[in-house]
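Okay, here's the prediction I keep looking at, along with the sequence it came from:
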Amino acid sequence: MARKPTSGPAADPELLILSSLASGPRHGYAIMTDIENEMGVQLGPGTLYTAISRLVERKLIRPDAPDGRQRPYRLTAAGAALLEERLTAMRRVAAFGLRRLRTA
Amino acid sequence: MTRQLIAKALLRIYSAAWRREYGDELMDILVERPMTIRIVTDVISAALLHRARTAAPSTVLGLASMLVVFAGVVLTPTRYGSSATAVLTPASIAFPTFTVTFVASEVYAVLLIVCGWWTRRRFGYSPRSCGLATMWMSLIAGLPVIVAGVLLALGAIDVTFVSAGSARPLPLAAIIAPIARLPEAWIWGALGGSVGKRWLRFPVPASR
């Protein structure tokens, strides 16, 4: 059952896909199940492939040689840099919020 | 078998180029998983978003203008209406005898220039090609009036189109009204394309 996350980083399918590919190449179905198992977020297949096509267009991921009808996708250097930048920014926000919560 | 047919139908919503690239992979997932309403909705909404994102400026602006003209056709009373609801206005020249009210407005002229400029910015077309794209936009915008004119000629509908006091247009005049404005659309579009070329040149987004 496809369920779109509603807010926060989990709402961004592109960030979730980049995070899933950070550990190595995966094909679409594997990305979907990985995100489902690790993050508890169920990306619909339409959302998943539309996001994959945008990431390929922006050269943040690229397809490898096909494995049957499925092609594994791999993070590019630009994709890895963007993911690191986004995650670092999110960590700063999280640390700031948590620090303020503890001192309140 | 039914699941495969539904999946194939859903994939048709995406553009042919997209299907060539990702169609087989998405098809496999759709066939492998249970076809729920949520999945169908997800694929349809994602495909429509993809279409909107990749559509040519002329198609986007044409469809938006078409909605305005369509609303006019639907809202026009079957008897003579006020000038505010008139879809067609008597022209001050011999040909065409009527013009589409919205298409003859200043707002629409600005939209035509924007279409030319946007086309130039997005695809880098020459002003002449921007003019052609703008003609396409204008043709899409006028479709409701053309269709209504044909239906009027067939006797399927009875719409006056014009405000009280004006002569009722012949069906052929309604069909011709939007088509006769196409050369003008070309001029405004080419002008917009020239503006995009000379003064308002922004870098083309890398994602295109």
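Right, received. Where do you want to start? Residues are numbered from 1 along each chain as shown, chains lettered A, B, ... in the order given.

Which helix or strand contains the residue lying closest to B:Q4 once chain neighbours are set aside?
For B:Q4, ignoring the flanking residues on the chain, the nearest one in space by Cβ to Cβ, 6 or more residues apart in numbering or on different chains is B:V31 at 5.7 Å. The C-beta positions use only the backbone N, C-alpha and C, and glycine is treated the same way. For B:V31, the element it lies in under DSSP states H and E is helix B:16-32.

between the helix or strand just after that helix and helix B:16-32, how many degrees?
As assigned by DSSP H and E, the chain's next helix or strand after helix B:16-32 is helix B:37-54. Angle of helix B:37-54 versus helix B:16-32, following axes from the mean of the first three to the mean of the last three Cα atoms, to 10 degrees, is 170 degrees.

ok, now which ones touch the residue nearest to B:Q4?
B:3-4, B:7 (Cβ atoms under 8 Å, 6 or more residues apart in numbering or on different chains).

Using a markdown table, lay out the residues you listed together with secondary structure.
Listed next are the contacts of B:V31 as a markdown table, based on DSSP: H, G, I helix; E, B strand; the rest coil:
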| residue | secondary structure |
| --- | --- |
| B:R3 | helix |
| B:Q4 | helix |
| B:A7 | helix |
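
Need the residues you listed in TSV (columns: neighbour count).
Formatted as TSV, the contacts of B:V31 follow (neighbours: other Cβ atoms under 10 Å in any protein chain shown):
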residue	neighbour count
B:R3	13
B:Q4	12
B:A7	23
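
Just give me the closest of these to chain A.
Nearest to chain A among those is B:A7, at 9.5 Å by Cβ to the nearest Cβ.

Check whether stretch B:39-55 comes near chain A.
Yes. Judged by Cβ under 8 Å from any Cβ of the partner chain, stretch B:39-55 comes into contact with chain A through B:39, B:41-47, B:49-50.

Now pLDDT and neighbour count too, for those, in a markdown table please.
Output for the residues of stretch B:39-55 next to chain A, formatted as a markdown table (pLDDT from 0 to 100; neighbours: other Cβ atoms under 10 Å in any protein chain shown):
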| residue | pLDDT | neighbour count |
| --- | --- | --- |
| B:I39 | 92 | 22 |
| B:T41 | 93 | 14 |
| B:D42 | 93 | 24 |
| B:V43 | 94 | 29 |
| B:I44 | 94 | 13 |
| B:S45 | 93 | 16 |
| B:A46 | 93 | 25 |
| B:A47 | 93 | 22 |
| B:L49 | 89 | 13 |
| B:H50 | 89 | 20 |
